[in-house]
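Engineer: What follows is a predicted structure for the sequence shown.
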Amino acid sequence: MKFETVSENRSFGGIQGVYRHQSEATGTTMTFAVYLPPAAEHGKVPVLWYLSGLTCTHENAMTKAGAQEWAAEYGIALIFPDTSPRGEGVADDEAYDLGQGAGFYVDATQKPWAPHFRMWHYVTHELPELVFSNFPLDREAQGITGHSMGGHGALTIAMTMPERYRSVSAFAPIANPSDSDWGRKQFTAYLGDDHAAWESHDASVLMRERGYPGEVLIDQGASDQFLDLLKPASLAQAMIERRQPGEFRMQKGYDHSYFFVQTFVADHIRWHAERLG
Ligand SMILES: N[C@@H](CCC(=O)N[C@@H](CSC=O)C(=O)NCC(=O)O)C(=O)O
């Protein structure tokens, strides 16, 4: 699989790279970022996938989360995919929470989204094949995290493929999209009216039905301006009903911004590093 280098910069002794490739999954050019810690000079390192939220590209978390320092310290690589296909021939919507920048980590089955909006397949199949073939990454040591829409993606992907994603965490995830205006509109557009398809992309439903075999770490700002849309209580209740091991932390005074993410990102990278070995 071919890709081109957009930029590479030294960061905390490692390399922060940005790359571009032609995606078969989305039928578009996709950009992604990979941070390789210094330890990657000596062999394969564990991988933490970071899925971003609404309106983001690969760049927001790469530049705002402050994750590289901790990834370098714990010897773990970071991968930052984009959040949707983009481009002139790609469907879009005027709203910031549908279309480009709002792929919701599903494979759309409905027009006009279906031809390009295949972010589940892209993030779980195509991009892994590309990065594991071209970077010194340990395929057997993968964790996944994300923020907001990306937290939704991380939780639903980890609960669907726990044998692959050996650790999971989330920052302020969209926790119950089937019952939220951050979910119903997008699932209707991308997946249609088939609520069974919605439920397989809803972290609270998956938590209640199957949970995750390891421990789960969730951080949620108690002053998050989007609490009504995120619905953390649904996920917390599902964790209790499931007796899911893990930590659900309400962080006093924190909102939804990257100031919140950068405050707790060290905890999350440590969490993953401890579980990925
Ligand atoms: N209307 C706002 C909402 C966008 C926003 O807050 N996006 C968050 C993720 S929200 C859930 O997925 C985000 O990460 N923004 C990028 C950033 O760098 O902060 C708006 O358009 O600002």
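Structural biologist: Happy to help now that I have it.
Engineer: so what's the residue nearest the centre of the chain up against?
Structural biologist: To find the centre residue of the chain, average its C-alpha atoms and take the closest one (C-alpha atoms, centre = their mean): that gives L51, at 2.1 Å. The neighbourhood of L51, defined by C-beta atoms under 8 Å, 6 or more residues apart in numbering, consists of 81, 83, 105, 123, 144-147, 149-151, 153-154, 157. C-beta here means a position set from N, CA and C on the backbone, and glycine is covered the same way.
Engineer: make it 7 Å
Structural biologist: By C-beta atoms under 7 Å, 6 or more residues apart in numbering, the contact set of L51 is 81, 105, 123, 146, 150, 153-154.
Engineer: could those go into a markdown table alongside neighbour count?
Structural biologist: Formatted as a markdown table, the entries for the contacts of L51 read as follows, by neighbours: other C-beta atoms under 10 Å:
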| residue | neighbour count |
| --- | --- |
| P81 | 26 |
| Y105 | 23 |
| V123 | 26 |
| G146 | 34 |
| G150 | 32 |
| G153 | 33 |
| A154 | 29 |
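Engineer: interface residues of the stretch 1-150 of the chain facing the ligand?
Structural biologist: 53-56, 60, 64, 96, 147-149 (C-beta under 6 Å from any ligand atom).
Engineer: Identify those among those that sit within helices.
Structural biologist: 60, 64, 149 (DSSP state H).
Engineer: For the residues you listed, which single residue is the most surrounded?
Structural biologist: The most crowded member of those is M149, carrying 30 neighbours; neighbours defined as other C-beta atoms under 10 Å.
Engineer: I figured it was touching I174, is that so?
Structural biologist: Yes: contact status for M149 versus I174: in contact at 5.6 Å, counting by C-beta atoms under 7 Å.
Engineer: Any chance of JSON lines for the ones in helices among the residues of the stretch 1-150 of the chain next to the ligand, columns pLDDT?
Structural biologist: Below are those laid out as JSON lines (pLDDT from 0 to 100):
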{"residue": "N60", "pLDDT": "98"}
{"residue": "K64", "pLDDT": "98"}
{"residue": "M149", "pLDDT": "99"}
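Engineer: now, among the residues you listed, which is nearest to E140?
Structural biologist: Using C-beta to C-beta, the shortest approach to E140 within these belongs to M149, at 27.7 Å.
Engineer: Show the backbone phi and psi for the residue nearest to the closest one when sequence neighbours are not counted.
Structural biologist: Take M149 and drop its neighbours on the chain: the residue closest to it by C-beta to C-beta, 6 or more residues apart in numbering is G53, 4.4 Å away. In this entry, G53 is assigned phi and psi values of phi -100, psi -170 (degrees, to the nearest 10).
Engineer: and what of L230?
Structural biologist: Listed backbone geometry of L230 is phi -80, psi -40, with angles given as degrees, to the nearest 10.
Engineer: Let me see the ranges of the strands in the protein.
Structural biologist: If you assign secondary structure with DSSP state E, the strands in the chain sit at 4-11, 14-22, 29-36, 45-51, 77-80, 137-146, 165-171, 216-221, 246-251.
Engineer: Save those strands as TSV, and put in distance to F117 and mean pLDDT too.
Structural biologist: TSV is the format used below for the strands of the chain (distance: least, C-beta to C-beta, whole Å; pLDDT from 0 to 100):
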stretch	distance to F117	mean pLDDT
strand 4-11	23	98
strand 14-22	17	98
strand 29-36	12	99
strand 45-51	15	99
strand 77-80	19	99
strand 137-146	17	98
strand 165-171	22	99
strand 216-221	26	99
strand 246-251	30	98
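Engineer: and D202, which of the ones you listed is closest to it?
Structural biologist: Using C-beta to C-beta, the nearest of those to D202 is strand 165-171, at 13.6 Å.
Engineer: tell me the residue furthest from the middle of this structure?
Structural biologist: The C-alpha centroid of the chain is most remote from H42, which lies 27.2 Å away (C-alpha atoms, centre = their mean).
Engineer: so where's the longest helix in the protein?
Structural biologist: As far as residue count goes, and with DSSP H defining each element, the longest helix of the chain is helix 258-276.
Engineer: So which other helices or strands are in contact with that helix?
Structural biologist: strand 45-51, helix 68-74, strand 137-146, strand 165-171, strand 216-221 (3 or more C-beta pairs under 7 Å, 6 or more residues apart in numbering; DSSP states H and E).
Engineer: how many degrees apart are that helix and strand 165-171 in direction?
Structural biologist: 160 degrees (axes from the mean of the first three to the mean of the last three C-alpha atoms, to 10 degrees).
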